[in-house]
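**Student:** Need a 3D model of the sequence below.
(one chain, ligands or ions: 1)
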Amino acid sequence: METIPSSTTLDIPKRGMPVTIITGFLGSGKTTLLNEILSNKQDLKVAVLVNEFGDINIDAQLLISTEEDMVELSNGCICCTINDGLVDAVYRVLEREERVDYMVIETTGVADPLPIILTFLGTELREFTRLDSIITLVDAEAFTPEHFDSEAALKQIVYGDVVLLNKTDLAAPEQVEEVEAYIQTVKPGARILRTQQAKVPLPLVLDVGLTPVELYQADEEHHEHEHHHHHSPHLDNDGFISVSFQSHSPFDIEKFEKFLTEEMPIEVFRAKGILWFDNSEMRHIFQLSGPRYDIQVEEWINSPQNQIVFIGRHLDSHKIRQQLQNCLILQPTQLAQAIGVKSF
Ligand SMILES: Nc1nc2c(ncn2[C@@H]2O[C@H](COP(=O)(O)OP(=O)(O)OP(=O)(O)O)[C@@H](O)[C@H]2O)c(=O)[nH]1
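**Tutor:** Numbers count the residues shown, from 1 in each chain. Reported below is the predicted structural model:
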């Protein structure tokens with residue numbers, strides 16, 4: 001199969017399918033980078049694999065998707081279903097008849113990238129793919145040397161070939177310096193690029209051949225007998241859980257605002273969703289990352305509904321769902337059901 005793109009600034013050579021893995025902690029800007037890549041890829045055919053932490057695929061709905069881009073979803077944690085889910089999804093892309101020049105994988109924010117790297121290097125996928133680069137997004141404002149008490153957040157930097165120190169617009173210059181210095185201590189000699197909205201010239205991050213493949217392969221042979229070692233530590237996702245909520249009724253905007261500002265537990269670290277408010281004809285894209293939230297307004301592209309995911313530690317999923325339920329404007333029949341009245 002011809003895999004050389006006709007005209008592109010990236011000039012991918014004909015080898016195995018190049019693969020770039022985008023990693024980085026919750027809310028650091030991975031989906032933003034993916035959209036940056038999709039907007040500037042010119043005529044490069046990019047297959048996209050998005051792995052979400054949560055039951056609802058919000059990210060896939062927020063991706064700039066041109067018709068020829070392929071979005072293959074693998075639900076659940078790809079680092080825990082490493083030998084099946086991810087390999088199968090990659091094969092589904094490879095087996096497609098359309099030309100595919102490049103594959104980009106977005107991991108969940110709580111994923112340790114090593115098992116994903118080793119899936120490409122330690123299985124038959126190494127015959128068909130070429131692991132090109134691991135890009136790690138770091139939130140310059142939120143990141144501290146405690147790395148969110150998450151082993152995964154640290155591993156993401158350790159295994160990053162390029163670190164995008166993102167959201168520099170939100171951080172004071174000294175904070176940016178401090179985080180950069182910390183990254184250098186974790187990964188001496190790291191290639192660090194400071195970014196806003198993950199804007200980066202693509203030739204700096206794609207088709208750069210930066211992943212030290214031989215190093216990982218040697219390490220993999222060394223550890224072959226203790227393979228499970230790669231799986232177990234992150235099965236618990238560093239204590240993070242996700243709570244998802246969907247409804248076919250709109251929210252009362254005032255009740256939802258009250259929930260957001262007064263009721264939502266402080267332990268919610270990240271939330272994202274597509275919201276439907278009773279007083280608006282528009283679709284609302286809700287993004288919360290740390291202390292900040294943001295709502296963008298767009299046209300609906302399908303029938304209105306609410307879909308929202310909350311991610312954090314020690315969340316009471318039942319309580320959050322109940323609080324959201326209380327924000328809904330119920331239709332007369334739903335109201336009857338909710339208060340236990342039978343309608344004839
Ligand atoms: N101010 C500012 N906001 C940013 C920047 N980059 C991304 N964001 C915003 O940060 C929020 C999270 O960005 P995403 O790209 O969704 O982050 P993510 O890493 O994909 O998040 P998860 O997949 O949930 O882990 C969104 O509201 C983005 O618009 C930046 O450089 N500056």
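**Student:** okay, and for the chain, where does confidence drop off?
**Tutor:** 1-15, 66-69, 74-84, 220-236, 331-344 (pLDDT under 70).
**Student:** Tell me the residues of it that contact the ligand?
**Tutor:** 24, 26-32, 59, 109, 137, 166-167, 169-170, 196-198, 270, 272, 287, 289, 294 (C-beta under 6 Å from any ligand atom). From N, CA and C alone the C-beta is placed, and that goes for glycine too.
**Student:** tell me the SS of the residue of the stretch 51-200 of the chain found nearest the ligand?
**Tutor:** In the stretch 51-200 of the chain, the residue found nearest to the ligand is residue 109; the distance is 3.0 Å by C-beta to the nearest ligand atom. Here residue 109 is recorded as coil under DSSP: H, G, I helix; E, B strand; the rest coil.
**Student:** Next, it: phi, psi?
**Tutor:** phi -70, psi -20 (degrees, to the nearest 10).
**Student:** dump the residue contacts of it.
**Tutor:** 24-28, 30, 53, 270, 311 (C-beta atoms under 8 Å, 6 or more residues apart in numbering).
**Student:** Using CSV, please lay out those residues together with neighbour count.
**Tutor:** Formatted as CSV, these follow (neighbours: other C-beta atoms under 10 Å):
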residue, neighbour count
24, 28
25, 29
26, 25
27, 23
28, 28
30, 25
53, 21
270, 22
311, 25
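**Student:** Any chance of these in TSV with secondary structure as columns?
**Tutor:** Listed next are these as TSV, based on three-state DSSP:
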residue	secondary structure
24	strand
25	coil
26	coil
27	coil
28	coil
30	helix
53	coil
270	strand
311	strand
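**Student:** Mind putting the residues you listed into TSV with distance to residue 240?
**Tutor:** Listed next are those as TSV, based on distance: C-beta to C-beta, whole Å:
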residue	distance to residue 240
24	14
25	10
26	7
27	12
28	14
30	15
53	7
270	9
311	6
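**Student:** Let me see the ranges of the strands in the stretch 201-344 of the chain.
**Tutor:** For the stretch 201-344 of the chain, the strands defined by DSSP state E, counting those that start in this stretch occupy 240-247, 268-275, 283-289, 292-298, 306-313.
**Student:** Distance to residue 325 for those - can I get that in CSV?
**Tutor:** Converted to CSV, those look like this (distance: least, C-beta to C-beta, whole Å):
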stretch, distance to residue 325
strand 240-247, 8
strand 268-275, 15
strand 283-289, 17
strand 292-298, 20
strand 306-313, 11
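**Student:** And these: which comes nearest residue 155?
**Tutor:** strand 240-247 (14.4 Å; C-beta to C-beta).
**Student:** Relative to the ligand, how far out is residue 266?
**Tutor:** 18 Å (C-beta to the nearest ligand atom, to the nearest Å).
**Student:** quick one, longest helix in this structure?
**Tutor:** helix 173-186 (DSSP state H).
**Student:** So what does residue 91 look like in phi/psi?
**Tutor:** According to degrees, to the nearest 10, residue 91 has phi -60, psi -40.
**Student:** let me redo that: residue 90
**Tutor:** Dihedral angles (degrees, to the nearest 10) for residue 90: phi -70, psi -40.
**Student:** contacting residues around the nearest residue to it once chain neighbours are set aside?
**Tutor:** Spatially, and ignoring its direct neighbours in sequence, residue 90 is nearest to residue 125 (5.9 Å; C-beta to C-beta, 6 or more residues apart in numbering). Taking C-beta under 8 Å, 6+ apart, we find residue 125 in contact with 87, 90, 119.
**Student:** May I have the strand or helix carrying the first one exported as CSV, CA atoms only?
**Tutor:** Element membership for residue 87 (DSSP states H and E) is helix 87-94. Coordinates of each C-alpha in helix 87-94 appear next as CSV, following Å, rounded to 0.1, in the frame of the first residue of the first chain:
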residue,chain,number,x,y,z
VAL,A,87,-4.1,-3.9,19.5
ASP,A,88,-7.5,-4.5,18.1
ALA,A,89,-8.2,-0.9,17.6
VAL,A,90,-4.9,-0.4,15.8
TYR,A,91,-5.6,-3.4,13.6
ARG,A,92,-9.0,-2.0,12.7
VAL,A,93,-7.3,1.2,11.4
LEU,A,94,-4.6,-0.8,9.6
